[in-house]
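Engineer: build me a model:
(2 chains)
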Amino acid sequence: MADRAIFQDFVVARSDRLLRFAYLLTHDWATAEDLLQESLAKAWFAWPGIDEPEAYVRRVLITTYTSWWRRRWRRELPSDGLPDQPVHDQVADERAALWQAVGRLPARQRAVIVLRFYEDLPVAEVAQLIGCNPGTVKSQTAKALAKLRIDESVVKELQR
Amino acid sequence: MTIENLRDVLREHADLLPPPNPSRDEQVRDRVRRTRVRRRIAVGAMGAAVVAAAVALAVPLLPATTQPETTTTVSGGPMPVLPEQFTSADGTGYRLVGRTAIEKTGDAKVTLKVPYTGKPLDVGGMCVGPDNTPPRVEVEGSRLRRPVSFTNCDRELRLHPLDVPEGATEVTVTFNTVTSGWGCVQEDPGGPCVTQTPAHGSWALGVYEWTPPTQPVAPEPLRNIPDRLGEWQLTETRSGLWPQDTTATFEVGGQAGRVALDKLCSGELATRLQFSFKVNGQSGGVTSACGVWTSGEFPMAMDELDLTEPTTITVELSMAGQSTNRPVRWSVGLFERS
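Structural biologist: Next comes the predicted model:
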């Protein structure tokens, strides 16, 4: 159980990492800050009953983000993945295009991608964080990678 | 691209230096405080439900030309950011052609000029409150009698059609939260009526140009209008697809007395379809919007008519703004008292 006396220390110590995670989800520092603060405020109320504060805040961050996204984009869908025409063979251009394509993924797929390939979490843990079953994580991962045009030959090895 | 490329890109961006925020701890405490206050208010409101019936709302704040329908207070936070572009569910591509903002502590009115290329334009807005004076959209040279107005202050992107003056190559739009008149709220019968203070939130505002789908996109099938709504019994329905079907007619006997009409629509632009009524060829003087029923209770919004003789009711449909290749499925139900 977490003691409320350490909440402030937690905010100071862990915010930077959580903010970066929020930024990977939102692609915007101001929105990431908003998302982080909202999640920390929610966590404060549950604090006395939390066993693992960082995991808990991260879970709140994901659910808050997907609910914002659902409300904000309820009637809109993101554009397709990468453009059809090849990007002029500059590595930097390709990376920029890939980052933009990640930003166009639906909320849940984006969360799956960040958790699996930035946080390096296994399927089961991602499923627990997002609140779905492992099969959904696998299918969301496959769909997201297809949209990002990631080489599919390496996708199979990721189904661990 | 490979998984490693993806990992690199994610790490590269996660390693960027975030903007410093030395006040984060204090800001989180503020949010906690605000949430506590909201919870107390919610609990208080439940306890006072019986008393609430006696609460009298006097004149609301009156904007300069028209009154906002509803307002919502939401917690603060940074100014939301309008997306540069997006694709709606029916495949319509939206592109931001101009953006502006009304800051909480800044000017209550801002003007934006955008080029007009012939493609339809929408205004878009997102808000963090508290706010009780949502902006009206005033277009220079507009033919509309009443300007469009934003309603809810929240983080959802709201879009409204922008009326472009004929022959324009550029459009000047003013987002105006200035109010005139005054209002007060009487908490208790016989108690003092407390004057309300206008407060505008932080609004991210802009103009979007949209490109219609290449082919008409079929709207979702409509749910049936309920057979009974309270004391009203459904007697007939007429259905159609905008823009092909633009009128519907009901023949009603003279014994009907009071009748009512309700509407239901589907399609991306469903809420922009407007209905007006003619009774024996005479305008009923009412124009109302269409309900969209996706979940929950039927969104009842009846138009009632008193009839004393056999009557022909003609329903005429019109669309606010353009709707190229974005049809709307509609249904109108005629109700009589059971």
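
Engineer: switch to C-alpha atoms for all contacts and neighbour counts from now on
Structural biologist: OK.

Engineer: got the contact list for the closest residue to B:Thr314 other than its chain neighbours?
Structural biologist: With sequence-adjacent residues excluded and distances taken as CA to CA, 6 or more residues apart in numbering or on different chains, B:Thr314 is closest to B:Thr249, at 4.6 Å. Counting by CA atoms under 8 Å, 6 or more residues apart in numbering or on different chains, B:Thr249 touches B:Arg238, B:Thr312, B:Ile313, B:Thr314, B:Val315.

Engineer: among those, which one has the most neighbours?
Structural biologist: Of the contacts of B:Thr249, B:Ile313 is surrounded by the most neighbours, 22 neighbours in total, counting by other CA atoms under 10 Å in any protein chain shown.

Engineer: and the strand or helix carrying that residue, what does it pack against?
Structural biologist: Taking DSSP states H and E as the definition, B:Ile313 sits inside strand B:311-319. Secondary-structure packing of strand B:311-319 (3 or more CA pairs under 8 Å, 6 or more residues apart in numbering or on different chains; DSSP states H and E): strand B:247-252, strand B:273-279.

Engineer: going along the chain, name the strands of chain A.
Structural biologist: A:76-77 (DSSP state E).

Engineer: quick one: low-confidence parts of the stretch 101-250 of chain B?
Structural biologist: The stretch 101-250 of chain B contains residues with pLDDT under 70 at B:180-190, B:193, B:195-196.

Engineer: which one is B:Leu157 nearest to, not counting chain neighbours?
Structural biologist: Of all residues not flanking B:Leu157 in the chain, B:Met126 sits nearest, at 5.1 Å (CA to CA, 6+ apart).

Engineer: show me what contacts the one you found?
Structural biologist: B:Pro80, B:Val81, B:Leu82, B:Cys153, B:Asp154, B:Arg155, B:Glu156, B:Leu157, B:Arg158, B:Trp203, B:Ala204, B:Leu205.

Engineer: which ones among those map onto strands?
Structural biologist: Counting by DSSP E, the contacts of B:Met126 contribute B:Arg158, B:Trp203, B:Ala204, B:Leu205 to strands.

Engineer: nearest to the spatial middle of the chain, which residue is it?
Structural biologist: You didn't say which chain, so I picked chain A. Geometric centre of chain A, nearest residue: A:Ala111, 2.8 Å, by CA atoms, centre = their mean.

Engineer: my bad, the chain I had in mind was chain B
Structural biologist: Nearest to the geometric centre of chain B sits B:Thr151, at 5.9 Å (CA atoms, centre = their mean).

Engineer: related to what we said a few turns ago, extract the CA atoms of the strand holding B:Ile313 and return them as CSV.
Structural biologist: The C-alpha trace of strand B:311-319 is given here as CSV (Å, rounded to 0.1, in the frame of the first residue of the first chain):
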residue,chain,number,x,y,z
THR,B,311,-55.0,18.8,-42.7
THR,B,312,-52.1,18.2,-45.1
ILE,B,313,-48.8,18.5,-43.2
THR,B,314,-45.8,18.9,-45.5
VAL,B,315,-42.4,18.4,-44.1
GLU,B,316,-39.6,20.2,-46.0
LEU,B,317,-36.0,19.4,-45.5
SER,B,318,-32.9,21.6,-45.9
MET,B,319,-29.2,21.2,-45.1
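
Engineer: just want the angle from the next helix-or-strand element following it to strand B:247-252.
Structural biologist: Using DSSP H and E, the helix or strand that follows strand B:311-319 towards the C-terminus is strand B:328-337. Angle, strand B:328-337 to strand B:247-252, by axes from the mean of the first three to the mean of the last three CA atoms, to 10 degrees: 10 degrees.

Engineer: how about the strands in the stretch 101-250 of chain B?
Structural biologist: Secondary structure of the stretch 101-250 of chain B (DSSP state E, counting those that start in this stretch): strands at B:109-115, B:121-128, B:136-139, B:148-149, B:158-161, B:170-176, B:179-180, B:184-186, B:193-195, B:202-211, B:228-229, B:232-242, B:247-252.
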